[in-house]
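>>> Compute the structure for the input listed below.
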Amino acid sequence: MSPQPDDLSGLKDDMVAFIEGHGMRRFPGYIDYEEVQSILWKPGDNPDGWKDFVELAKAAGAPFLTMDAWLFQREEFDKLVQRLGNNEFTNDEDMEDARWLRTYIGKTGFVQLGFAHQGVMLVYEASTEWYDRYQRLVELAEDFGGMPIDEPDQDEEP
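Here you go, the predicted structure:
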(Lines give C-alpha, C1' and ligand atoms only; values in the text may rest on other atoms or scores of the structure.)
Protein backbone atom coordinates (compact mmCIF):
# COMPACT_ATOMS: atom_id res chain seq x y z
CA MET A 1 0.00 0.00 0.00
CA SER A 2 1.28 3.47 -0.88
CA PRO A 3 1.96 5.87 2.00
CA GLN A 4 -0.67 8.31 0.75
CA PRO A 5 -3.83 7.15 -1.08
CA ASP A 6 -5.34 8.98 -4.06
CA ASP A 7 -8.43 9.91 -2.04
CA LEU A 8 -8.10 11.28 1.48
CA SER A 9 -11.81 11.07 2.33
CA GLY A 10 -11.16 7.96 4.45
CA LEU A 11 -8.38 9.77 6.29
CA LYS A 12 -10.70 12.72 6.87
CA ASP A 13 -13.39 10.42 8.29
CA ASP A 14 -10.80 8.75 10.55
CA MET A 15 -9.67 12.17 11.76
CA VAL A 16 -13.21 13.23 12.59
CA ALA A 17 -13.83 10.03 14.57
CA PHE A 18 -10.47 10.26 16.38
CA ILE A 19 -10.93 13.92 17.31
CA GLU A 20 -14.45 13.34 18.58
CA GLY A 21 -13.29 10.20 20.39
CA HIS A 22 -10.90 12.41 22.34
CA GLY A 23 -13.81 14.63 23.37
CA MET A 24 -12.61 17.53 21.22
CA ARG A 25 -14.56 19.66 18.82
CA ARG A 26 -13.79 20.70 15.26
CA PHE A 27 -13.87 24.23 13.92
CA PRO A 28 -14.30 24.30 10.14
CA GLY A 29 -11.56 26.57 8.92
CA TYR A 30 -8.40 26.79 6.90
CA ILE A 31 -5.16 28.11 8.38
CA ASP A 32 -3.30 30.25 5.87
CA TYR A 33 0.21 30.17 7.27
CA GLU A 34 1.21 33.11 5.11
CA GLU A 35 -1.23 35.17 7.17
CA VAL A 36 -0.63 33.90 10.72
CA GLN A 37 2.40 32.73 12.64
CA SER A 38 2.43 28.95 12.21
CA ILE A 39 4.53 25.85 12.65
CA LEU A 40 4.00 22.97 10.23
CA TRP A 41 4.04 19.46 11.72
CA LYS A 42 6.64 17.11 10.25
CA PRO A 43 5.15 13.61 10.35
CA GLY A 44 8.29 11.90 9.05
CA ASP A 45 7.60 8.37 7.84
CA ASN A 46 4.65 7.86 10.19
CA PRO A 47 1.38 7.79 8.18
CA ASP A 48 -0.52 8.00 11.49
CA GLY A 49 1.41 11.07 12.67
CA TRP A 50 -1.83 13.02 12.61
CA LYS A 51 -2.97 10.99 15.64
CA ASP A 52 0.08 12.21 17.55
CA PHE A 53 -0.85 15.73 16.44
CA VAL A 54 -4.40 15.38 17.82
CA GLU A 55 -3.08 13.93 21.08
CA LEU A 56 -0.63 16.82 21.37
CA ALA A 57 -3.50 19.29 20.89
CA LYS A 58 -5.43 17.62 23.69
CA ALA A 59 -2.36 17.54 25.97
CA ALA A 60 -1.82 21.26 25.26
CA GLY A 61 -5.37 21.97 26.44
CA ALA A 62 -6.75 22.97 23.04
CA PRO A 63 -10.56 22.90 23.26
CA PHE A 64 -10.89 22.32 19.51
CA LEU A 65 -8.98 21.77 16.30
CA THR A 66 -9.48 23.59 13.05
CA MET A 67 -10.20 21.25 10.16
CA ASP A 68 -10.30 21.76 6.44
CA ALA A 69 -10.54 19.36 3.52
CA TRP A 70 -10.55 20.00 -0.21
CA LEU A 71 -12.79 17.98 -2.53
CA PHE A 72 -11.96 18.24 -6.25
CA GLN A 73 -15.11 19.32 -8.04
CA ARG A 74 -15.97 19.30 -11.72
CA GLU A 75 -16.29 23.10 -11.84
CA GLU A 76 -12.73 23.53 -10.57
CA PHE A 77 -11.45 21.09 -13.17
CA ASP A 78 -13.30 22.88 -15.99
CA LYS A 79 -12.07 26.28 -14.80
CA LEU A 80 -8.45 25.09 -14.68
CA VAL A 81 -8.55 23.55 -18.16
CA GLN A 82 -10.18 26.69 -19.56
CA ARG A 83 -7.65 29.05 -17.93
CA LEU A 84 -4.71 26.96 -19.13
CA GLY A 85 -6.24 26.68 -22.61
CA ASN A 86 -6.57 30.46 -22.84
CA ASN A 87 -3.02 31.00 -21.58
CA GLU A 88 -0.54 31.44 -24.42
CA PHE A 89 2.32 30.30 -22.17
CA THR A 90 0.82 26.88 -21.39
CA ASN A 91 2.68 24.01 -23.00
CA ASP A 92 1.28 20.65 -24.13
CA GLU A 93 2.68 18.86 -21.09
CA ASP A 94 0.82 21.19 -18.71
CA MET A 95 -2.43 20.70 -20.64
CA GLU A 96 -1.96 16.93 -20.53
CA ASP A 97 -1.35 17.14 -16.75
CA ALA A 98 -4.57 19.13 -16.38
CA ARG A 99 -6.59 16.64 -18.43
CA TRP A 100 -5.07 13.79 -16.41
CA LEU A 101 -6.61 15.30 -13.28
CA ARG A 102 -10.13 14.45 -14.56
CA THR A 103 -9.66 11.03 -12.92
CA TYR A 104 -9.69 12.64 -9.48
CA ILE A 105 -12.95 14.60 -9.69
CA GLY A 106 -15.00 13.81 -6.59
CA LYS A 107 -11.97 12.84 -4.51
CA THR A 108 -10.47 14.56 -1.48
CA GLY A 109 -6.92 15.69 -2.17
CA PHE A 110 -6.03 17.73 0.90
CA VAL A 111 -6.76 17.77 4.64
CA GLN A 112 -5.52 20.16 7.28
CA LEU A 113 -5.74 20.14 11.07
CA GLY A 114 -4.63 22.94 13.35
CA PHE A 115 -4.76 24.36 16.83
CA ALA A 116 -3.58 27.50 18.54
CA HIS A 117 -1.00 27.36 21.30
CA GLN A 118 0.64 30.38 22.92
CA GLY A 119 -0.05 32.65 19.96
CA VAL A 120 1.13 30.23 17.29
CA MET A 121 -0.92 28.00 15.02
CA LEU A 122 0.32 24.42 14.90
CA VAL A 123 -0.66 22.80 11.60
CA TYR A 124 -0.82 19.26 10.22
CA GLU A 125 -1.40 18.78 6.49
CA ALA A 126 -1.73 15.79 4.20
CA SER A 127 -2.11 15.97 0.43
CA THR A 128 -2.12 13.60 -2.49
CA GLU A 129 0.39 13.72 -5.33
CA TRP A 130 -2.35 14.75 -7.74
CA TYR A 131 -3.44 17.62 -5.47
CA ASP A 132 0.13 18.94 -5.46
CA ARG A 133 0.14 18.77 -9.28
CA TYR A 134 -3.21 20.56 -9.36
CA GLN A 135 -1.83 23.35 -7.16
CA ARG A 136 1.19 23.73 -9.43
CA LEU A 137 -1.10 24.12 -12.45
CA VAL A 138 -3.34 26.61 -10.64
CA GLU A 139 -0.29 28.71 -9.79
CA LEU A 140 0.88 28.49 -13.39
CA ALA A 141 -2.52 29.66 -14.64
CA GLU A 142 -2.59 32.51 -12.10
CA ASP A 143 1.00 33.60 -12.80
CA PHE A 144 0.45 34.07 -16.51
CA GLY A 145 -3.34 34.12 -16.83
CA GLY A 146 -3.91 37.56 -15.36
CA MET A 147 -0.68 39.24 -16.34
CA PRO A 148 -0.84 41.45 -19.43
CA ILE A 149 2.38 41.30 -21.37
CA ASP A 150 3.27 44.05 -23.88
CA GLU A 151 -0.17 45.57 -23.54
CA PRO A 152 -0.69 49.24 -22.72
CA ASP A 153 -1.68 50.05 -19.16
CA GLN A 154 -5.42 50.74 -18.82
CA ASP A 155 -4.62 54.05 -17.14
CA GLU A 156 -2.58 55.24 -20.12
CA GLU A 157 -4.35 57.47 -22.57
CA PRO A 158 -4.07 56.69 -26.29
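
>>> same for the lengthiest strand in the chain, what does it pack against?
The longest strand of the chain (DSSP state E) is strand 108-117. Using 3 or more Cβ pairs under 8 Å, 6 or more residues apart in numbering; DSSP states H and E, the elements in contact with strand 108-117 are helix 9-21, helix 49-59, strand 64-71, strand 120-127, helix 129-145. (C-beta placed from N, C-alpha, C; glycine too.)

>>> Report the mean confidence score over the third one.
To tie it back to what came earlier, the one meant is strand 64-71. When the per-residue pLDDT values of strand 64-71 are averaged, the result is 98.

>>> how does this structure divide into domains?
Using automatic domain parsing, the domain parsing of the chain gives 7-72+107-128, 73-105.

>>> residues near F18, how many?
15 (other Cβ atoms under 10 Å).

>>> Just the pLDDT for the spatially most central residue of the chain.
For the chain, the residue nearest the mean C-alpha position is F110 (4.5 Å; Cα atoms, centre = their mean). What the model reports as pLDDT for F110 is 98.
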